[in-house]
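*Asks:* A predicted structure for the sequence below; I have some questions about it.
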Amino acid sequence: MTSTFPSSEEESVLAKNNRQKRKFPGTDAGPTGKKGRPSSDITANVKLPPHGYPLEHPFNKDGYRYILAEPDPHAPFRQEFDESSDWAGKPIPGWLYRTLVPHSVLLALHDRAPQLKISEDRLAVTGERGYCMVRATHSVNRGSWYYEITIEEMPEGAATRLGWGREYGNLQAPLGYDKFGYSWRSRKGTKFTESHGKHYSESYVEGDTLGLLIELPEESSLDYLPNTFKDRPLVKFKSHLYYEDKDKITETLKNLRTLQGSRIEFFKNGQSQGVAFENIYAGSYFPAISIHKSATVSVNFGPAFKYPEVLSARKAKGMNDRVEELITEQCLADTLYLTEHDGRLRLDNLNLL
């Protein structure tokens, strides 16, 4: 089955109409295959779909995470590498590539439970059977941020838990199952974290639009630049290269600390339900959705929110504003890495050529 994908202009139209029928590709259940060492044939530009992510891709799983890479035109010796014919069978240095930063905030195809069905515009998701989760493509680590979710379908027996989660949250469990997430459940309006539920609000149902706000005070002593992954190994999967990064769950759990002044607040049809969580753990948080059985929800990362007054009232930004920020931060992080490691990279290049 061949899927067709909307253009960026069509995606904007779709995002404004959360109630319309979406297509859910039946073949997007995840790839099977072996990862291999990259060789010289991967330097060719393989065209990505309009939504900017390969149709077949490795999923993040326990122990490992995969970050899509692209050639870094600013890397030293890029020209020598492109012109060399002696790369066959040799590993490609990670510093010659860079993390591909998505140009729209969407639901992540790779950072989700494979059984979840993601719509073609990547702005809606349908569940299947037990609770499992999907995260967005972009995270935030400081400032006030907002996005909206509309409950499109909520069949009898289905449920959702919506909110904010970190990268190590278990995708095969509900958001709020562990220390890496904070959620608001449709049933009884319960709030959850670390598998502890407390009464928070009345329930929400089909047709409701929920607002999800996070506030993370900036700490002047911290470096907020993203990881470059340029020192990570590259693996090839279906003609694309990915950085392979090992999870650091044990280390992260050991170093958890609360961020004073941080909070999460939820809104139902524009009305605040009160502060749900205060002084949450410091770190980077993704918009996150977990679904039980066959509920369908659509997501709106901005800029055309249904209840934009929330942003002005809380001095918050829509998640869509995170796109340019992250591109700038990633570029700076990559430049600093290349500058700081210039001597070693030159030596590596001499050994490789």
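*Replies:* Everything's here; your move.
*Asks:* give the contact list for the residue lying closest to residue 154 once chain neighbours are set aside.
*Replies:* Nearest residue to residue 154, sequence neighbours excluded (CB to CB, 6 or more residues apart in numbering): residue 206, at 4.1 Å. From N, CA and C alone the C-beta is placed, and that goes for glycine too. Residues in contact with residue 206 (CB atoms under 8 Å, 6 or more residues apart in numbering) are 151-154.
*Asks:* relative to residue 147, how far out is residue 206?
*Replies:* Using CB to CB, to the nearest Å, one gets 19 Å for the distance from residue 206 to residue 147.
*Asks:* looking at this structure, which helix is longest?
*Replies:* Longest helix of the chain, by residue count under DSSP state H: helix 322-340.
*Asks:* send the alpha carbons of that helix over as CSV?
*Replies:* Provided in CSV are the C-alpha atoms of helix 322-340 (Å, rounded to 0.1, in the frame of the first residue of the first chain):
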residue,chain,number,x,y,z
ARG,A,322,9.8,25.9,19.6
VAL,A,323,10.8,25.0,16.0
GLU,A,324,13.0,28.0,15.3
GLU,A,325,14.4,28.0,18.8
LEU,A,326,15.6,24.3,18.5
ILE,A,327,17.1,24.8,15.1
THR,A,328,19.2,27.7,16.4
GLU,A,329,20.2,25.8,19.5
GLN,A,330,21.1,22.7,17.6
CYS,A,331,23.2,24.8,15.1
LEU,A,332,25.1,26.4,18.0
ALA,A,333,25.7,23.1,19.8
ASP,A,334,27.1,21.5,16.6
THR,A,335,29.3,24.6,15.9
LEU,A,336,30.7,24.4,19.5
TYR,A,337,31.4,20.7,19.2
LEU,A,338,33.3,21.1,15.9
THR,A,339,35.3,24.1,17.3
GLU,A,340,36.2,22.4,20.6
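*Asks:* quick one: buried residues of it?
*Replies:* 322-323, 326, 329-330, 333-334, 337-338 (16 or more other CB atoms under 10 Å).
*Asks:* apply the buried test to the contacts of residue 206 and list what passes.
*Replies:* Buried by 16+ other CB under 10 Å: 151-152, 154, out of these.
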